[in-house]
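> Okay, structure incoming, though there's no sequence with it:
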């Protein structure tokens, strides 16, 4: 018997070796005869290792070769900060910071000589959005909130975990342009319904805004506001793309589109081509729904915000958007063309204070709430945004890290290893909602707590007292300059700046 098994094993081994040799010969001949790849033509068979290592390089670089502060789009130190907050382990480090404090653009807060005592601290107040201008204004409780991530771009378990975590911590969740899904409502969180250029989930059979759907969505008590998206930081001027592999029957039904076909959004709203047309849309949606209506956009220059301010002052405050969500050019949780991701729109560090200045100059700052987004995943960046003039901070990738994202850079390939941006059931299994929603809630609570800590260290009783004089920005000269010197507060109601 043993002799027979040995013969069989020998035969199988010989067959496998023969198959391997034949396969190598086929690959060799294929490589030296093909004309597409120079490396494979000159180095058949072994040349494949080059492409293999190139593919693996982006995944292993963060573990073996990059320093704590080197990697992009988020370095290891930043990701570690978010992970610790999400696990409720605190943002405490030992032996000093690895941040280069002399790097141009570095944020340095101005510590007060006499910090605020525990008994003198005040709770950071909630702010109302749309009060006096809509039937159902929105009381927003948290400084930090979940930016738009569509169901489709991210998975059902990810949306469910975000919804439940947001409800527990008291922040809102933005639906993204993919429309309102049952998963957004599951946790009981406040929801902002985004109206993208394709109007997914709120469209009629011709792709136009459906009044009936608008009223139906607004009837959900959890839907607190609507957001008209003009553009996003990752790809201004380019509509969203959801590959056919991600367009399941459920997603197709929610969006109002065919299933298993690419979901491609127009690069703009066809009916919005001017400031007046934008304000018409804002007023129409607010009248249909009774809820606050805002606008999300990236900023390329000052013409947009100046035109909006001029149009509102000409037509009346009732036409103003109830909030502006300003997305920096460095923002973006989903896939985008590199030409746009790398080079389109102003970063949030420049866009935010300029937008706030325009609202102050035109007398509209008390009327319009300002939301900031663009890689603001840490409490220091969020506190900077408050200093610059924001009322709230949105983040998408911060919450992806809280869910367990490892920055594998596969968001657009439906192969996300952490189950966040894939619809593969096997990969989604790793994202346990009952565990991850707690990390989402911890991240929100930890961020709000650390923002308050920064404010108290600056001598403010609560975070909404932060001003530009409380932060300094490092310059190329290795000297810092106070933000209120870089961006002086303008006089209210002064003449609008010349269009740039």
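Thanks, I have the structure now. What you see is a predicted model; the values in this text were computed from it and never measured.
> I figured residue 372 was touching residue 326, is that so?
Yes: with contact defined as C-beta atoms under 8 Å, residue 372 counts as touching residue 326 (5.7 Å). Bear in mind the C-beta positions are built from the backbone N, C-alpha and C, glycine included.
> how about the helices of the stretch 201-350 of the chain, start to end?
Using DSSP state H, counting those that start in this stretch, the helices assigned to the stretch 201-350 of the chain run over residues 211-218, 249-255, 275-289, 303-315, 338-343, 348-361.
> Show me where the stretch 201-350 of the chain dips below the pLDDT cut-off.
233-240, 331-336, 341-342 (pLDDT under 70).
> now with 80?
For the stretch 201-350 of the chain, the stretches flagged by pLDDT under 80 are 232-246, 262-264, 329-345.
> that older thread, quickly list what's touching both of residue 372 and residue 326.
Counting by C-beta atoms under 8 Å, 6 or more residues apart in numbering, the common neighbours of residue 372 and residue 326 are 348, 352, 390.
> The first one contacts residue 385, doesn't it?
Yes: under the criterion of C-beta under 8 Å, residue 348 is in contact with residue 385, at a separation of 7.4 Å.
> Find the residues that touch each one of those two.
The contact lists of residue 348 and residue 385 share 372, 376, where a contact means C-beta under 8 Å, 6+ apart.
> so residue 198, which of the three states?
Secondary structure state of residue 198, per DSSP: H, G, I helix; E, B strand; the rest coil, is coil.
> excluding its backbone neighbours, what's nearest it?
residue 265 (4.0 Å; C-beta to C-beta, 6 or more residues apart in numbering).
> what's the neighbour count on the one you found?
By other C-beta atoms under 10 Å, 21 other residues sit near residue 265.
> quick thing: my sequence starts at 3, can you match it?
From this message on, residue numbering opens at 3, which makes the last subject residue 267.
> how close does it get to residue 307?
24 Å (C-beta to C-beta, to the nearest Å).
> Might you list the low-confidence residue ranges for the stretch 403-502 of the chain?
The model of the stretch 403-502 of the chain has pLDDT under 80 over residues 410-416, 495-502.
> In it, what residue spans correspond to strands?
Using DSSP state E, counting those that start in this stretch, the strands of the stretch 403-502 of the chain run over 473-476, 482-484.
> Can I get those in JSON lines including distance to residue 245 and mean neighbour count?
Listed next are those as JSON lines, based on distance: least, C-beta to C-beta, whole Å; neighbours: other C-beta atoms under 10 Å:
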{"stretch": "strand 473-476", "distance to residue 245": "40", "mean neighbour count": "20"}
{"stretch": "strand 482-484", "distance to residue 245": "45", "mean neighbour count": "15"}
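> Kindly reformat those as TSV containing distance to residue 421.
Compiled in TSV, these are given as follows (distance: least, C-beta to C-beta, whole Å):
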stretch	distance to residue 421
strand 473-476	37
strand 482-484	42
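> Show me how far the longest helix along the chain is from its chain's centre.
Looking across the chain with DSSP state H, the single longest helix is helix 4-35. Centre-to-centre, helix 4-35 and its host chain are 51 Å apart (C-alpha atoms, centre = their mean, to the nearest Å).
> buried residues in it?
For helix 4-35, the neighbour count (16 or more other C-beta atoms under 10 Å) marks residue 33 as buried.
> in the helix or strand just after that helix, what's buried?
Sequence-wise, the next helix or strand downstream of helix 4-35 (DSSP states H and E) is helix 40-44. Across helix 40-44, burial judged by 16+ other C-beta under 10 Å covers residue 42.
> And the contacts of helix 40-44?
Contact with helix 40-44 is made by 33-34, 36-37, 49-50, 52-53, as judged by C-beta under 8 Å, 6+ apart.
> if I look at the residue positioned nearest the centre of the chain, how far off is residue 405?
Geometric centre of the chain, nearest residue: residue 398, 3.0 Å, by C-alpha atoms, centre = their mean. As judged by C-beta to C-beta, residue 398 and residue 405 stand 11 Å apart.
> go on, residue 361?
Separation of residue 361 from residue 405 (C-beta to C-beta): 34 Å.
> Tell me which of the helices of the stretch 203-352 of the chain sits nearest to residue 263.
Judged by C-beta to C-beta, the one of the helices of the stretch 203-352 of the chain that comes nearest to residue 263 is helix 251-257, at 8.1 Å.
> ok now that closest one, how far from the chain's centre?
That offset, for helix 251-257, works out to 22 Å (C-alpha atoms, centre = their mean).
> What is the neighbour count of the spatially closest residue to residue 257 that is not a sequence neighbour?
Spatial nearest neighbour of residue 257, excluding adjacent residues (C-beta to C-beta, 6+ apart): residue 202 at 3.9 Å. Per other C-beta under 10 Å, the neighbour tally for residue 202 reads 28.
> Surely residue 202 touches residue 178?
No: Residue 202 is beyond contact range of residue 178, at 9.1 Å (criterion: C-beta under 8 Å).
> hmm, back to that, so which of the strands of the stretch 403-502 of the chain comes closest to residue 28?
Nearest of the strands of the stretch 403-502 of the chain (C-beta to C-beta): strand 473-476, 58.6 Å.
> can you put the shared contacts of residue 374 and residue 328 in JSON lines and add distance to residue 111 and neighbour count?
Output for the shared contacts of residue 374 and residue 328, formatted as JSON lines (distance: C-beta to C-beta, whole Å; neighbours: other C-beta atoms under 10 Å):
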{"residue": "350", "distance to residue 111": "17", "neighbour count": "29"}
{"residue": "354", "distance to residue 111": "17", "neighbour count": "28"}
{"residue": "392", "distance to residue 111": "16", "neighbour count": "27"}
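> now, among these, which is nearest to residue 90?
residue 392 (25.9 Å).
> got a list of what the closest one touches?
Listed by C-beta under 8 Å, 6+ apart, the contact partners of residue 392 are 328, 354, 358, 372-374.
> Let's see that with 6 Å instead.
Applying C-beta atoms under 6 Å, 6 or more residues apart in numbering, we find residue 392 in contact with 372, 374.
> Pop out the phi and psi values for it.
The phi/psi pair for residue 392 (degrees, to the nearest 10) reads phi -80, psi 150.
> Residue 393 and residue 372, how far apart?
5 Å.
> no no, residue 329
12 Å.
> So those two - more neighbours on which side?
Using other C-beta under 10 Å as the criterion, residue 329 and residue 372 rank with residue 329 on top: 30 against 20.
> my guess is the more buried one meets residue 233, correct?
No: if you go by C-beta atoms under 6 Å, residue 329 and residue 233 don't touch, sitting 7.5 Å apart.
> So for these two, which residues contact both of them?
Common contact partners of residue 329 and residue 233 (C-beta under 6 Å, 6+ apart): residue 300.
> residues in contact with residue 380?
Counting by C-beta under 6 Å, 6+ apart, residue 380 has contacts residue 83.
> Would you mind giving both backbone torsions of it?
The phi and psi values for residue 380, taken as degrees, to the nearest 10, are phi -110, psi 160.
> ok, it to residue 418 distance?
Separation of residue 380 from residue 418 (C-beta to C-beta): 23 Å.
> One more: residue 284?
Residue 284 is 35 Å from residue 418, where distance means C-beta to C-beta.
> Over to residue 325?
Taking C-beta to C-beta as the measure, residue 325 falls 31 Å from residue 418.
> if you skip the residues just before and after it, what's nearest to residue 391?
residue 358 (3.3 Å).
> Can you check what pLDDT the model gives that neighbour?
pLDDT recorded at residue 358 is 97.
> Look at it and say how many residues are nearby.
25.
> Return the residues in contact with residue 473.
111, 386, 389, 485.
> Let's test this: mean pLDDT of the strand or helix carrying the third one, rounded?
Of the helices and strands defined by DSSP H and E, residue 389 is found in helix 381-390. This predicted structure assigns helix 381-390 an average pLDDT of 97.
> That concludes my questions; thank you for your assistance.
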